[in-house]
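Novice: curious how this folds, go ahead:
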Amino acid sequence: MKEKNLNTISRRGFIGKSTVALAGLTIVPAHAVSGLGHIAASDKLNIAGVGIAGMGRVNLANVAKTENIVALCDVDWREATGNVFKTYPGAKQYKDFRIMLEKQKDIDAVIIATPDHTHAVITLEAMKHRKHVYTQKPLTHTVHEARVLAQAAKEYNVATQMGNQGQAGDGPRRLRELIWDGVIGPVREVHVWTDRPNNGLLKIYWPQGVSRPAGTPPVPAELDWDLFIGPAPFRPFNPAYHPFSWRGWWDFGTGALGDIGCHSLDPVFRALKLKYPTSLQAVSTLGNSETYPSGSMVRYEFPAREGMPPVTLTWYDGGLRPMRIPELEEGMQMGSGGTLYIGDKGKILDDKILPRSLRESYKAPAPTIPSSPGHEEEWIRACKGGVAGGSDFEWAAPLTETVLLGNIALRADLKEKLSGQSLNWNAEKFSFTNLPEADKYLQCEYRKGWSL
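Specialist: Numbers count the residues shown, from 1 in each chain. The predicted model follows:
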């Protein structure tokens with residue numbers, strides 16, 4: 001994948017600037033300069049938030065520093081949402097994003113931070129209304145949805161960004177420069193791990209490896225449960241699903257890999273110029289058709305690319321992690337979450353070069369990759385005709401695909417067949433070539449009244 005150059009003017013930005021330069025004495029309307037909506041590049045965006053009580057609240061706060069918040073939408077109007085309403089008293093309030101998009105014509109851009117299973121339908125509808133979109137990670141709930149959103153972003157020519165904000169930091173940029181400089185030689189193996197869905201101290205972020213709860217408690221009056229279900233198969237309300245615990249359920253979330261993978265794997269993809277794996281395999285604790293397993297390992301194989309050798313990428317969650325490496329120094333640990341690059345000449349554990357002798361003898365190159373103005377700021381700049389964000393859908397969709405392919409390898413009904421073979425993935429044919437029955441998990445059937 002190509003490296004984003006923050007000093008490059010995008011085609012959309014170039015066209016906007018050229019229109020002004022060549023206009024002479026002609027007055028060019030603001031909407032012609034901006035290329036999409038009614039705003040000029042120097043004006044403030046009118047932004048709507050869909051899903052505003054969690055990360056959506058944080059995203060809104062970040063963009064509200066410079067832009068207008070004009071609409072707020074959430075299916076649950078309990079205290080957390082009510083607090084956001086109070087923060088932006090001038091914004092119109094909605095429960096259904098479709099009504100918001102149809103009724104409120106002054107919206108330029110939409111931030112989507114809903115449960116994973118509704119990301120794609122909301123994002124696509126916003127793009128169809130010619131709105132710029134910022135969608136929380138993982139971009140989608142299924143592999144097929146990721147392909148659809150990537151294509152739609154090109155078709156509707158809107159600015160996009162996935163909410164894996166760590167990509168905007170300087171740390172991942174310096175890591176890329178170290179690896180590209182050859183500090184540890186060709187990298188053939190990477191390990192990435194997280195404590196999610198638990199932290200090893202009897203604290204559960206959200207449950208996995210559990211069955212559907214019994215009982216049908218009443219739906220809170222402030223919650224539109226039918227809208228929460230959205231395109232998923234209908235089931236009765238239970239607080240085991242909402243708020244937040246939806247992440248562990250197959251119908252609503254994408255488990256630990258989906259939650260953290262788009263964060264933790266992003267630096268690896270950029271440093272090693274990865275795109276699609278050729279095969280993958282997985283092992284896990286006992287799983288079922290309701291929730292993801294409580295702990296798993298997923299191993300991806302990537303082919304040689306751009307002068308780099310084939311590489312094996314192994315993911316661990318649920319408190320699992322790689323074995324201790326001999327190069328660890330006194331006081332160093334392979335903590336509850338981390339990344340380990342293994343090259344022919346050495347290793348990098350998180351941000352530390354190993355062994356010590358290599359670290360002390362190596363002189364890092366001068367930084368060359370420009371710093372980001374900030375993750376949301378990248379998106380705002382793109383909305384106003386500037387260079388694309390670092391995690392626009394052209395980048396985010398293949399990353400999301402890889403993450404979600406790993407979840408397919410964890411499906412309980414495929415476990416026995418996969419105990420003796422890897423899943424071979426053909427990205428061009430969009431199919432598992434050696435196990436066609438796994439293809440059914442590349443997409444899902446939407447509930448009546450919902451479509452992509």
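Novice: can you give me the strands in the stretch 251-400 of the chain?
Specialist: 279-284, 296-302, 311-317, 338-343, 347-349, 352-354 (DSSP state E, counting those that start in this stretch).
Novice: in its sheet, which strands sit next to the fourth one, and in what direction?
Specialist: Paired neighbours of strand 338-343 in the sheet (DSSP bridges): strand 187-193 (antiparallel), strand 347-349 (antiparallel).
Novice: surely Val148 is in a strand?
Specialist: No - applying DSSP: H, G, I helix; E, B strand; the rest coil, one finds Val148 to be helix, outside a strand.
Novice: ok, it to Ser431 distance?
Specialist: 17 Å (Cβ to Cβ, to the nearest Å). C-beta here means a position set from N, CA and C on the backbone, and glycine is covered the same way.
Novice: just give the nearest non-adjacent residue to Leu404, would you?
Specialist: Val143 (4.9 Å; Cβ to Cβ, 6 or more residues apart in numbering).
Novice: give me the neighbour count for Trp250.
Specialist: Neighbour count of Trp250, defined by other Cβ atoms under 10 Å: 23.
Novice: sorry, that was for Gly420
Specialist: For Gly420, using other Cβ under 10 Å, the count is 7.
Novice: let me know the pLDDT of it.
Specialist: Looking at Gly420, its pLDDT reads 80.
Novice: hang on, the earlier thing: which of the strands of the stretch 251-400 of the chain sits closest to Leu442?
Specialist: Among the strands of the stretch 251-400 of the chain, the nearest to Leu442 by Cβ to Cβ is strand 279-284 (13.4 Å).
Novice: scan this protein for its longest helix.
Specialist: helix 255-272 (DSSP state H).
Novice: which one of Val148 and Ser431 is surrounded by more residues?
Specialist: Between Val148 and Ser431, counting by other Cβ under 10 Å, Val148 is the more crowded of the two (18 against 15).
Novice: the more buried one contacts Leu124, correct?
Specialist: Yes - if you go by Cβ atoms under 8 Å, Val148 and Leu124 touch, sitting 6.7 Å apart.
Novice: who touches both of these two?
Specialist: Taking Cβ atoms under 8 Å, 6 or more residues apart in numbering as the contact rule, Val148 and Leu124 both touch Leu452.
Novice: Glu125 and Asp226, how far apart?
Specialist: On the measure of Cβ to Cβ, Glu125 and Asp226 end up 17 Å apart.
Novice: neighbour-wise, which of these two wins?
Specialist: Glu125 (20 against 14).
Novice: buried sites along the helix or strand where that one lies?
Specialist: Take DSSP states H and E as the rule and Glu125 turns out to sit in helix 119-128. For helix 119-128, burial by neighbour count (16 or more other Cβ atoms under 10 Å) applies to His119, Ala120, Val121, Ile122, Thr123, Leu124, Glu125, Ala126, Met127.
Novice: stretch 434-450 too?
Specialist: Leu435, Ala438, Asp439, Tyr441, Leu442, Gln443, Cys444, Tyr446.
Novice: kindly reformat those as TSV containing pLDDT and distance to Lys92.
Specialist: As requested, the buried residues of stretch 434-450 are exported to TSV (pLDDT from 0 to 100; distance: Cβ to Cβ, whole Å):
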residue	pLDDT	distance to Lys92
Leu435	95	49
Ala438	96	44
Asp439	97	42
Tyr441	97	38
Leu442	98	37
Gln443	97	34
Cys444	95	32
Tyr446	97	28
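Novice: which one of the residues you listed is nearest to Gln208?
Specialist: Distances from Gln208 to those, taken by Cβ to Cβ, are shortest for Tyr441, at 17.3 Å.
Novice: the closest one belongs to a helix?
Specialist: Yes - under three-state DSSP, Tyr441 falls within a helix.
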